[in-house]
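J.: I would like the atomic coordinates for the input below:
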Amino acid sequence: MKLDLYDFDGTIYDGDSGVDLILFSIRKKPSLIFHYIGCLGIVILFLLKLRSKEEMKNRLFAFVKHFPDIDEFVDEFWKKHHHKIKDFWTEKKSHKNDIIISASGRFWLEPIAKEYKVKDLFATDIDPKTGVVSGNNCHGKEKVKIFRNKYPKAEIMKMYTDSKNDLPLIEAAKEGILVKRNKLYNYYEYKPNFIVRFWNWGWGIYHKNEELWNYLIVGFLTTVVSLVTYFICTETFLNPEVTVELQIANVISWVLAVAFAFVTNRVFVFKSKNKKVFKEMCSFVSSRIFSLFLDMLSMFIMVSVLSWNDKIAKLIVQVIVTVVNYILSKLFVFKKGK
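T.: Below you'll find the predicted structure:
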């Protein structure tokens, strides 16, 4: 059996159908905006790796409970969004050997699969009455596993996608087809324009030292948080000319900056999966207190004892503290293998 496989979002459909479905639900029932605001907590917990993607989806797609006739809702959605189905797909005469395989929900992809009479549809099973995800998310390597469970001996002639996330299926196919807008390219022969090549070059440099670059970016943003907090405090309710109030502003800015640094370092830099978050947070705060005293001691020696220029001294100390914080975070706070 020879089959062609198609990703859906960004490939057949111009955009992300799940996001569009959520936005459409708000247009139909504006009060649902409060539901999605209520979902922000679990989204943050997901980013902190304290909740699974399935749990987050369960909460987000619970909006279906507000639509007793979900089939009617989905039909209305496609009447409004059918124009986003790409021409290369709609103009193909037959889809009898085509399979759609997508991480999007089955209940809103089925109308398209039936309309174009595809051979099969693999998608994430989301209960259209409760929004609860059942089974595995149909994504990445999981797509290969799901497909092979049903078609163990089938030949994948072509795999159509817009994303590197489908590389496992592309490698399993005779030919990979990259879909850019409404144009098709051989996945391995596609040559992007200068801007894309420049972007890929920069991305390659970033990717080789991703952790370090993320640490520098987060460090910069942490500094911004500290300065903005300090500025707000001293411009609103604290007087920097009063020593005690100046130190209070310093402490507030330091606390918020450390809190921001902990979350961002945990999620984006070291990508910790340690479930003992409180213990990890205590270790992080302790390391930052240590580096704070190192900062103060270094400034005292350089400026007060050695009579260096305070600005030059501060610059040198910041470099030292940045390196020390990185080492402490990597070796003692966000340790691998936990």
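J.: residue 200 - how many residues pack around it?
T.: The local packing of residue 200 (other C-beta atoms under 10 Å) involves 12 other residues. For every residue, glycine as well, the C-beta is placed using N, CA and C.
J.: for it, helix, strand, or coil?
T.: With DSSP: H, G, I helix; E, B strand; the rest coil as the basis, the three-state label of residue 200 is helix.
J.: the closest residue to it other than its chain neighbours in helix, strand or coil?
T.: Using C-beta to C-beta, 6 or more residues apart in numbering and skipping the chain neighbours, the partner closest in space to residue 200 is residue 192 (6.9 Å). With three-state DSSP as the basis, residue 192 sits in coil.
J.: with residue 179 instead?
T.: strand.
J.: let me see the contact set for it.
T.: 10-11, 86, 88, 160-162, 185 (C-beta atoms under 8 Å, 6 or more residues apart in numbering).
J.: quick one: it from residue 187, how far?
T.: According to C-beta to C-beta, to the nearest Å, residue 179 stands 10 Å off from residue 187.
J.: joint contacts of those two?
T.: With C-beta under 8 Å, 6+ apart as the test, residue 179 and residue 187 both reach residue 161.
J.: domains of this protein?
T.: Annotated domains of the chain cover 2-191, 203-333 [automatic domain parsing].
J.: could I get the ones you listed as CSV with distance to residue 197 and mean pLDDT?
T.: Putting those into CSV (distance: least, C-beta to C-beta, whole Å; pLDDT from 0 to 100) gives the following:
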stretch, distance to residue 197, mean pLDDT
domain 2-191, 8, 92
domain 203-333, 10, 86
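J.: isn't there a strand covering residue 50?
T.: No. Assigned with three-state DSSP, residue 50 falls outside any strand and is coil.
J.: for it, list the residues it contacts.
T.: Contacts of residue 50 by C-beta under 8 Å, 6+ apart are 275, 277.
J.: contacting residues for residue 114?
T.: Contacts of residue 114 (C-beta under 8 Å, 6+ apart): none.
J.: which parts of the one helix or strand it maps to are buried?
T.: In this assignment (DSSP states H and E), residue 114 forms part of helix 106-115. Buried residues in helix 106-115, counted by 16 or more other C-beta atoms under 10 Å: 106-110, 112-113.
J.: and of these, the nearest to residue 149?
T.: residue 106 (15.8 Å; C-beta to C-beta).
J.: how about the closest residue to that closest one other than its chain neighbours, secondary structure?
T.: Nearest in space to residue 106, with sequence neighbours left out and distances taken as C-beta to C-beta, 6+ apart, is residue 123 at 4.0 Å. Here residue 123 takes the strand state, with states given by three-state DSSP.
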